[in-house]
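Colleague: here is a sequence together with a model predicted from it:
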Amino acid sequence: MQNLVDRMGISRQSLYDTYGNKRELFEASLKIYRKEVIEPKLAELADTSRSPTELIRNHLTSIAEGCNEMPVGCLMVRTATELPVDDAEIGEIINDCVMLSWQAVRRVIERGQASGEFDSGRSADDLAGCVITSAMGMNVMRRLPGHGQAIRPSVESLIAGLQGRRVEH
């Protein structure tokens, strides 16, 4: 809390007057992160001028490689890995974010299935689940020293899986 107060140039009481307590501040932070980080990232997946393969590849590559202006890993994923199982309120915030992501990815996959880019023999929901699960795992792996580039080949394996073809090793 002291770091926040110092960096924001406000009093501790002002922070508590606005957010009530540390927990409420954290919940507000998760909601702001969703609005300012997750939703714009998912909006990129709605670009119908780009191929579904390109959209999913770019989405996963951005996770695998990260970006300089953000800390390594996703705040939602980091919170999910630390979250007590019985924390219903924060769990709901994270679940809503995961479902929003799942729906955005599923729409891209459905478009890819309609165009013949992706395997139509499997449900779009199942394929979206594979992408979301892998993306969350990539966020965790990125936190390990030296693993950012090591997970990059996973992106092409996932794309091949969406397309329904085997990757030769």
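Modeller: Cool, the structure landed. Numbers count the residues shown, from 1 in each chain.
Colleague: all helices for the protein, in order.
Modeller: 2-8, 12-19, 22-33, 39-43, 52-65, 75-82, 88-115, 124-141, 152-163 (DSSP state H).
Colleague: mean neighbour count for those helices - can I get that in CSV?
Modeller: (C-beta placed from N, C-alpha, C; glycine too.) Converted to CSV, the helices of the chain look like this (neighbours: other CB atoms under 10 Å):
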stretch, mean neighbour count
helix 2-8, 10
helix 12-19, 13
helix 22-33, 14
helix 39-43, 13
helix 52-65, 19
helix 75-82, 17
helix 88-115, 18
helix 124-141, 18
helix 152-163, 17
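Colleague: got these as TSV, with mean pLDDT columns?
Modeller: TSV is the format used below for the helices of the chain (pLDDT from 0 to 100):
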stretch	mean pLDDT
helix 2-8	77
helix 12-19	80
helix 22-33	89
helix 39-43	93
helix 52-65	92
helix 75-82	87
helix 88-115	95
helix 124-141	93
helix 152-163	91
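Colleague: who's in contact with the residue lying closest to residue 109 once chain neighbours are set aside?
Modeller: Closest residue to residue 109 apart from its sequence neighbours, by CB to CB, 6 or more residues apart in numbering: residue 124 at 4.4 Å. Going by CB atoms under 8 Å, 6 or more residues apart in numbering, residue 124 touches 106, 109, 110, 113.
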